[in-house]
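Colleague: what follows is a predicted structure for the sequence shown.
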Amino acid sequence: MGCLACAALMLDRGGVTLYRKESSSIPVEADSICPDRFLGRGPAEIAALPAFYGRRRVTLGDLFEVEGTGADNITVSGDLRHVKKIGLGMSMGRITVTGDVGPHLGAYMSGGEISAEGTAGDWVGAHMKGGRIVVQGDAGHFVGAAYSGETRGVTGGAIIVGGNVGGEVGARMRRGLIVILGNAGEFAGAHMIAGSILVFGRLGGRPGAGMKRGTIVAFGDAPDLLPTFRYACRFQPAFLRFYLRRLGESGLSIDSEPADGHFRRYLGDMNELGKGEILVRDQPQ
Amino acid sequence: MRINGVEIEDTFAEAFEMWGARLIITAHNQRWALTAAQAATGFATSIIGCGCEAGTNDLPADERTPDGRPGVAALFFTTSRQNMEAQLLQRVGQGVMTSPSSACYNGLDAGDTIKVGGKLRFFGDGFQSSKLLDGRRLWRVPVMDGEFVVEESFGVSKAVGGGNFFIMAEDLEAALAAAEAAVTAMRAVPGVIMPFPGGIVRSGSKVSSRYKGQHVSSNTPYCPTIRPLVESALPDGVEAVLEIVIDGLEEEAVGEAMRVGVGASCLPGVVRITAGNYGGSLGRYQFHLRDLVDA
């Protein structure tokens, strides 16, 4: 899509619009793209906010065309595949990313909403505290996970990924909700402390390794579980129906029907507290 | 004023401020949702002797239960916020949690809340767990058929208790038929309950007694068997009186229920419809019968 067409599209959304001037594989750190940082600033002041282009310190204006006002609604377009940290630490407002976006989207965010209309890189919503991130395409590894060396990751909010995700989704999460409509890679919920991970596609190997509490739900295919998980029962968890209905009511296209079935409950990881659960839905014969 | 030949007395029902809560009780099927709700709202006819007034209410057609299973609404009314917490703890704990496949959710979006699931969770003996979504915390308590899901807090708000009207009839059969018709019609009004057995009370009371320590006594002016002995309120030809008491989460709901009920009870054999009040000096709300049926 040409630049002018994109600009027209962005203007229709209202608020501040940023359009990447040129494509490049050089990583950009753009944690300034955040409603909290835009608050009270006009286009010129927003364009003067700092960013990194590789190791070089630049401004947002060097990389993006900036138009409009209104910090609570930001639209970012263009080639963003190597643009990192959009929405880092945001506490309010809304960011819409119209294409694919790079890693660390919405890391440390505590409020507001990010909607990515394409794919996203690694570390989506790392250490998130609140708010909501919706990625319509695939996302990379470590969605909602804790950075290396940290003992706890996500402590609130919701991350919804429409496609597949890589490994270690929700690693060390403490609270919150992660919904994967596609497949999840290995070690989903590794060292999880609490919270919920719902996987509608295929759940990767070794889910819940080292988890203490929390819930991992496999609506689709599930692997053989680690031997440190023990079968508890087959039942119909009412809370799951509540979850899926609430998500559906919040405007997400999530079908609540999968929660109506029977689930096998496994408790683990017995090497840890053993109060975590993996719920595996009975598959239709 | 007359409807179908039935006199609508120019008087009003006097109602009081109470605290109300609305719970949504769900279960594996409608039968067990209703069973749990009836257990929780049982023995809750009058605040005088039961600690609260409670009843079930069908869900409006456009309202789905929080977990999508069959369910009913249960409404509770008390004189204070503290009493509400005590009553719900007992009634949800003993009436809902014990009922197979049940779950219990808040059904009233109110600024004030009381903790119920947050206390009942201790029944789980350390194996309970919680889920937090959009600010609503659910407790999952392990029980023998799976788990009991109960919301941590329930909304409470100021409500209206004691809306009423009396059906004065030629005989018991006519009074009962009219009262039954009224209750059937009123049950379709959302946000109200008729807390007495089948929605109908025969032992209306007055707030005085000749006995020390007895605060209320039979509503003797309306008792036909002692008509010559008291200053009777019964017109000639009236041989039986039944009362319908209405509690509601909002004043408008109580008024609507009374309007529907009065209209439905004007059947053959009914002589007069009247209402109970204390001269307007005690209750905050007044529901004038003729204004309601004119509306």
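Modeller: Cool, got the structure.

Colleague: going forward, measure contacts between C-alpha atoms and count neighbours the same way
Modeller: Will do.

Colleague: please enumerate the helices of the stretch 151-295 of chain B.
Modeller: In the stretch 151-295 of chain B, the helices defined using DSSP state H, counting those that start in this stretch lie at B:172-186, B:251-265, B:289-294.

Colleague: redo the ones you listed as a markdown table? Include distance to B:Phe76 and mean pLDDT.
Modeller: Shown next, in a markdown table, are the helices of the stretch 151-295 of chain B (distance: least, CA to CA, whole Å; pLDDT from 0 to 100):
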| stretch | distance to B:Phe76 | mean pLDDT |
| --- | --- | --- |
| helix B:172-186 | 17 | 98 |
| helix B:251-265 | 14 | 97 |
| helix B:289-294 | 25 | 92 |
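
Colleague: so of those, which one's packed in deepest?
Modeller: Taking mean count of other CA atoms under 10 Å in any protein chain shown as the contact definition, the stretch among the helices of the stretch 151-295 of chain B with the greatest mean neighbour count is helix B:251-265, which reaches a mean of 23.

Colleague: re earlier: the helices of the stretch 151-295 of chain B: which one's closest to chain A?
Modeller: Shortest separation from chain A across the helices of the stretch 151-295 of chain B is recorded for helix B:251-265, at 26.9 Å, computed as CA to the nearest CA.

Colleague: got the angle between that closest one and helix B:172-186?
Modeller: Comparing the axes of helix B:251-265 and helix B:172-186 via axes from the mean of the first three to the mean of the last three CA atoms, to 10 degrees yields an angle of 140 degrees.

Colleague: next up, the contacts around residue 92.
Modeller: Unless you meant another one, I'm taking chain A. Contacts here follow CA atoms under 8 Å, 6 or more residues apart in numbering or on different chains; on that basis A:Met92 touches A:Pro35, A:Asp36, A:Asp72, A:Ser110, A:Gly111, A:Gly112, A:Glu113.

Colleague: should've been chain B
Modeller: With contacts taken as CA under 8 Å, 6+ apart, B:Val92 has the following neighbours: B:Ala40, B:Cys104.

Colleague: quick one: it is in a helix?
Modeller: Yes. When DSSP: H, G, I helix; E, B strand; the rest coil is applied, B:Val92 is found to be in a helix.

Colleague: could you check how far it is from chain A?
Modeller: Using CA to the nearest CA, to the nearest Å, one obtains 17 Å as the distance from B:Val92 to chain A.

Colleague: quickly find the element holding B:Lys119.
Modeller: Using DSSP states H and E, the element containing B:Lys119 is helix B:117-120.

Colleague: and the next helix or strand past that helix?
Modeller: Proceeding C-terminally, helix B:117-120 gives way to strand B:129-133 as the next helix or strand, assigned by DSSP H and E.

Colleague: neighbouring strands of that next one in the sheet, and parallel or not?
Modeller: In its sheet, strand B:129-133 lies beside strand B:136-143 (antiparallel), with partners assigned from DSSP bridges.

Colleague: for the partner strand, buried residues please.
Modeller: Buried residues in strand B:136-143, defined by neighbour count with 16 or more other CA atoms under 10 Å in any protein chain shown: B:Arg137, B:Leu138, B:Trp139, B:Arg140, B:Val141, B:Pro142, B:Val143.

Colleague: and for stretch A:193-213?
Modeller: Of all the residues in stretch A:193-213, those buried under the rule 16+ other CA under 10 Å are A:193-213.

Colleague: how about the residues of the stretch 1-150 of chain B by chain A?
Modeller: Applying CA under 8 Å from any CA of the partner chain, we find that the stretch 1-150 of chain B lies next to chain A at B:Pro66, B:Asp67, B:Gly68, B:Ala103, B:Lys131, B:Leu132, B:Leu133, B:Leu138, B:Arg140, B:Gly146, B:Glu147, B:Val149.

Colleague: how about a cut-off of 7 Å?
Modeller: Counting by CA under 7 Å from any CA of the partner chain, the residues of the stretch 1-150 of chain B lying close to chain A are B:Pro66, B:Asp67, B:Gly68, B:Gly146, B:Val149.

Colleague: top of the residues you listed by neighbour count?
Modeller: Going through the residues of the stretch 1-150 of chain B next to chain A with other CA atoms under 10 Å in any protein chain shown as the criterion, the one with the most neighbours is B:Val149, at 29 neighbours.

Colleague: got a pLDDT number for the residue of the stretch 151-295 of chain B found nearest chain A?
Modeller: Taking CA to the nearest CA as the measure, the stretch 151-295 of chain B has B:Glu151 as its residue closest to chain A, at 10.1 Å. With respect to pLDDT, B:Glu151 scores 98.

Colleague: contact partners for the nearest residue to it once chain neighbours are set aside?
Modeller: Taking CA to CA, 6 or more residues apart in numbering or on different chains, and ignoring the residues beside it in sequence, B:Glu151 has B:Leu138 as its nearest neighbour in space, at 4.4 Å. Under the criterion of CA atoms under 7 Å, 6 or more residues apart in numbering or on different chains, the contact partners of B:Leu138 comprise B:Ser130, B:Lys131, B:Leu132, B:Val149, B:Val150, B:Glu151, B:Glu152.

Colleague: now for the residue nearest to B:Val150 when sequence neighbours are not counted, how many residues are close by?
Modeller: Nearest residue to B:Val150 in three dimensions, chain neighbours excluded: B:Cys104, at 4.8 Å (CA to CA, 6+ apart). Burial of B:Cys104 is recorded as 30 neighbouring residues (other CA under 10 Å).

Colleague: equivalent analysis for the one 5 residues further on, please.
Modeller: Using other CA under 10 Å, B:Asp109 is surrounded by 13 other residues.

Colleague: over to the one 5 residues further on?
Modeller: Using other CA under 10 Å, B:Ile114 has 19 neighbouring residues.

Colleague: looking at it, A:Gly112 is touching A:Ile133, isn't it?
Modeller: No. A:Gly112 lies out of contact with A:Ile133 (CA atoms under 7 Å); the separation is 8.6 Å.

Colleague: for the residue of the stretch 51-200 of chain B found nearest chain A, which three-state class applies?
Modeller: Using CA to the nearest CA, the single residue of the stretch 51-200 of chain B nearest to chain A is B:Asp67, 4.1 Å away. Assigned with three-state DSSP, B:Asp67 falls in the coil class.

Colleague: OK, contacts around residue 71?
Modeller: No chain was given, so I picked chain A. The contact partners of A:Ala71, by CA under 7 Å, 6+ apart, come to A:Gly15, A:Val16, A:Pro35, A:Phe38, A:Leu39.

Colleague: that answer is for a different chain, and I need it for chain B
Modeller: B:Gly71 makes contacts with B:Ile24, B:Ile25, B:Thr26, B:Ala27, B:Gln30, B:Ala33, B:Thr65, as judged by CA under 7 Å, 6+ apart.

Colleague: how close does the fifth one get to chain A?
Modeller: I take that to be B:Gln30. B:Gln30 sits at a distance of 15 Å from chain A (criterion: CA to the nearest CA).

Colleague: neighbours of the residue nearest to that residue when sequence neighbours are not counted, how many?
Modeller: Spatial nearest neighbour of B:Gln30, excluding adjacent residues (CA to CA, 6+ apart): B:Pro70 at 5.0 Å. The burial metric for B:Pro70, expressed as a neighbour count using other CA under 10 Å, is 20.

Colleague: which residues are in contact with B:Pro70?
Modeller: B:Pro70 makes contact with B:Thr26, B:Ala27, B:His28, B:Asn29, B:Gln30, B:Ala33 under the criterion CA under 7 Å, 6+ apart.

Colleague: the residues you listed in strands, which ones?
Modeller: Among the contacts of B:Pro70, the subset assigned to strands under DSSP state E consists of B:Thr26.

Colleague: and the contacts of B:Pro70, which of them are buried?
Modeller: Applying 16+ other CA under 10 Å to these, the neighbour count classes B:Thr26, B:Ala27, B:His28, B:Ala33 as buried.
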